[in-house]
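Colleague: Below is the structure, and that's it, no one-letter string:
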């Protein structure tokens with residue numbers, strides 16, 4: 001079936017700078033055609049296409065539409081729609097696939113393409129490999145009578161809003177809560193405020209004026225400081241920072257403290273464990289804080305650590321039969337509710353915990369005591385497996401011996417940049433910082449010696 005290592009597809013689809021290969025109109029048109037050929041090999045069928053609010057989305061929407069039509073596949077255009085909304089609608093429309101035009105939390109001049117299968121899950125590696133193989137074939141248009149037709153779905157946003165509202169109990173009402181929602185000028189701008197308002201909350205919406213260029217610009221999950229200031233100024237109970245495509249969320253409690261994905265996962269896990277929904281484990285990543293692992297242990301739950309990336313979190317959840325997982329960055333997957341990370345749905349699970357317990361988010365998150373963690377990036381001039389070098393291995397052992405069983409050391413190559421990420425975690429901030437800087441220095445010296 002072709003090289004399963006994949007040339008274009010990364011851990012989250014295909015992504016890059018607009019206008020630079022592969023994020024060009026001609027490539028995206030060919031990609032649409034290749035995907036149509038693989039996902040609907042006999043022609044017919046239909047594929048949903050949604051996008052976030054960056055200006056290049058219009059261009060790539062048209063390119064995908066042309067490619068899919070040439071393959072004989074009908075196209076259902078959703079317009080601006082959060083990534084998890086596209087996954088949900090792909091299932092409910094019984095479509096062959098859903099296509100997302102988005103670069104998630106990246107700036108406006110990046111863009112990307114990712115796919116969901118008919119089950120609302122990301123495509124398996126072998127299907128992505130088949131699409132890459134089809135890209136090598138000449139683009140052959142089906143006969144005119146069999147060209148795919150395009151239709152715009154006018155009520156897509158309303159369908160997804162109703163789904164989000166249905167994910168908490170019918171008795172759960174958000175009246176009395178004041179919430180600030182930061183939509184990062186992204187795909188949730190017309191959806192997230194409506195979800196929380198229709199459930200009864202008083203909503204202050206910011207980051208809801210997309211102009212094609214301001215997506216994620218000093219707003220949203222990667223820039224929660226503006227939200228924090230707004231929560232304090234408004235005297236709000238909660239702040240919600242979504243990213244540009246709505247699949248991740250970072251929260252702010254009423255005193256202005258930022259609540260990351262590990263803390264969100266803990267709050268949801270504690271409530272779901274009361275309902276016997278977790279099968280003994282929660283899935284995190286290698287970067288999940290040791291404090292989360294220990295807090296879960298007090299509830300009789302294990303933390304399973306996947307490689308970094310929500311794709312790998314989901315794979316581990318499926319293989320182990322576990323229903324809750326996520327990353328520190330705010331990708332939270334509630335697999336008993338939906339098939340992918342969903343910032344709105346995850347937030348509703350936290351709000352329901354607040355309602356059921358009558359406690360603030362600040363109180364709920366106090367059950368996890370996060371360990372100080374330091375991450376240092378060391379740039380690689382070329383591909384070097386530095387973690388296999390004896391001097392680096394010796395340094396890691398020394399750092400681990402210094403921490404004993406009180407912390408963790410991790411060396412991890414970046415999946416997207418020429419970097420080695422050096423992470424040290426432990427109970428004392430000074431010791432953590434000192435060990436991380438020292439270990440990063442050893443890694444850097446080793447890289448330089450190898451390059452000499």
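Modeller: Thanks, I have it. The shown structure was predicted, so the numbers you read here are calculated from the model rather than taken from an experiment. Numbers count the residues shown, from 1 in each chain.
Colleague: contacts, neighbours, all on C-alpha from now
Modeller: OK.
Colleague: Pull the residues that contact stretch 164-173.
Modeller: 195, 199, 200, 201, 337, 344, 345, 348, 349, 352, 355 (CA atoms under 8 Å, 6 or more residues apart in numbering).
Colleague: dump the residue contacts of residue 143.
Modeller: Contacts here follow CA under 8 Å, 6+ apart; on that basis residue 143 touches nothing.
Colleague: circling back to that earlier point, between the contacts of stretch 164-173, which sits nearest residue 267?
Modeller: When the contacts of stretch 164-173 are ranked by distance to residue 267 (CA to CA), residue 349 comes first, at 8.6 Å.
Colleague: Tell me the secondary structure at that closest one.
Modeller: helix (DSSP: H, G, I helix; E, B strand; the rest coil).
Colleague: Around the closest residue in space to it that isn't next to it in sequence, how many other residues sit close by?
Modeller: Once flanking residues are discounted, residue 349 sits nearest to residue 268: 6.2 Å by CA to CA, 6 or more residues apart in numbering. Residues near residue 268, counting by other CA atoms under 10 Å, number 24.
Colleague: distance of residue 268 from residue 326?
Modeller: Distance from residue 268 to residue 326, counting by CA to CA, to the nearest Å: 11 Å.
Colleague: Could you check how far residue 114 is from residue 157?
Modeller: Distance from residue 114 to residue 157, counting by CA to CA: 20 Å.
Colleague: next one: residue 130
Modeller: Per CA to CA, residue 130 is found 32 Å from residue 157.
Colleague: Contacts for stretch 297-311, please.
Modeller: Under the criterion CA under 8 Å, 6+ apart, residues 11-12, 122, 270, 273, 280-288, 292-293, 296, 312-313, 316, 326-327, 331, 341 lie in contact with stretch 297-311.
Colleague: Does residue 148 belong to a helix, a strand or coil?
Modeller: Assigned with three-state DSSP, residue 148 falls in the coil class.
Colleague: so it makes contact with residue 37?
Modeller: No: Residue 148 sits out of contact with residue 37 when judged by CA atoms under 8 Å, with a separation of 11.9 Å.
Colleague: any residues in contact with both of those two?
Modeller: residue 71.
Colleague: more neighbours, these two?
Modeller: Under the criterion of other CA under 10 Å, the comparison of residue 148 against residue 37 puts residue 148 first, with 25 against 22.
Colleague: dump the residue contacts of that one.
Modeller: If you count contacts by CA under 8 Å, 6+ apart, residue 148 has them with 44, 68, 69, 70, 71, 72, 73, 74, 75.
Colleague: sorry, back to before: nearest to residue 60 among the contacts of stretch 164-173?
Modeller: residue 344 (25.9 Å).
Colleague: quick one: that closest one is in a strand?
Modeller: No: counting by three-state DSSP, one finds residue 344 to be helix, located in no strand.
Colleague: And it, how far from residue 350?
Modeller: 10 Å.
Colleague: out of these two, which sits in the more crowded spot?
Modeller: Set residue 344 next to residue 350 and count neighbours by other CA under 10 Å: residue 344 wins out with 28 against 22.
Colleague: so where's the stretch 301-450 of the chain uncertain?
Modeller: Applying pLDDT under 70 to the stretch 301-450 of the chain flags the ranges 382-383, 415-416.
Colleague: will you turn the contacts of stretch 164-173 into JSON lines that also has distance to residue 164?
Modeller: Formatted as JSON lines, the contacts of stretch 164-173 follow (distance: CA to CA, whole Å):
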{"residue": "195", "distance to residue 164": "7"}
{"residue": "199", "distance to residue 164": "10"}
{"residue": "200", "distance to residue 164": "14"}
{"residue": "201", "distance to residue 164": "14"}
{"residue": "337", "distance to residue 164": "10"}
{"residue": "344", "distance to residue 164": "7"}
{"residue": "345", "distance to residue 164": "6"}
{"residue": "348", "distance to residue 164": "8"}
{"residue": "349", "distance to residue 164": "10"}
{"residue": "352", "distance to residue 164": "13"}
{"residue": "355", "distance to residue 164": "17"}
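Colleague: Go through these and say which is closest to residue 219.
Modeller: For these, the minimum distance to residue 219 (CA to CA) is 16.3 Å, reached by residue 344.
Colleague: Hmm, the closest one is touching residue 192, no?
Modeller: Yes: counting by CA under 8 Å, residue 344 touches residue 192, with 6.7 Å between them.
Colleague: ok now stretch 192-202, how far from the chain's centre?
Modeller: 23 Å (CA atoms, centre = their mean, to the nearest Å).
Colleague: List the buried residues for that stretch?
Modeller: Buried residues in stretch 192-202, counted by 16 or more other CA atoms under 10 Å: 192, 193, 194, 195, 196, 197, 198, 200, 201, 202.
Colleague: can you list the domains in this protein?
Modeller: For the chain, automatic domain parsing gives the domain ranges 14-155, 176-257, 260-370, 373-451.
Colleague: you'd agree residue 247 is in a helix?
Modeller: No: using three-state DSSP, the assignment for residue 247 is coil, not a helix.
Colleague: Skipping its backbone neighbours, what lies nearest it in space?
Modeller: Nearest non-adjacent residue to residue 247, counting by CA to CA, 6+ apart: residue 342, 4.4 Å away.
Colleague: Check the residue nearest to residue 349 and give its pLDDT.
Modeller: Looking at residue 268, its pLDDT stands at 98.
Colleague: From what I see, it and residue 351 are in contact.
Modeller: No: between residue 268 and residue 351 there is no contact under CA under 8 Å: 9.4 Å.
Colleague: any chance you could map the strands in the stretch 1-150 of the chain?
Modeller: Under the criterion DSSP state E, counting those that start in this stretch, the stretch 1-150 of the chain contains strands at 14-17, 46-51, 74-80, 97-101, 110-117, 150-152.
Colleague: Just the mean pLDDT for the fifth one, thanks.
Modeller: What strand 110-117 shows for mean pLDDT is 96.
Colleague: Against which helices or strands is that strand packed?
Modeller: Applying 3 or more CA pairs under 8 Å, 6 or more residues apart in numbering; DSSP states H and E, we find strand 110-117 packed against strand 14-17, helix 83-92, strand 97-101.
Colleague: got the buried residues for it?
Modeller: Judged by neighbour count (16+ other CA under 10 Å), strand 110-117 contains these buried residues: 110, 111, 112, 113, 114, 115, 116, 117.
Colleague: these two touch, right, residue 26 and residue 61?
Modeller: No: contact criterion CA under 8 Å: residue 26 and residue 61 do not qualify, at 12.0 Å.
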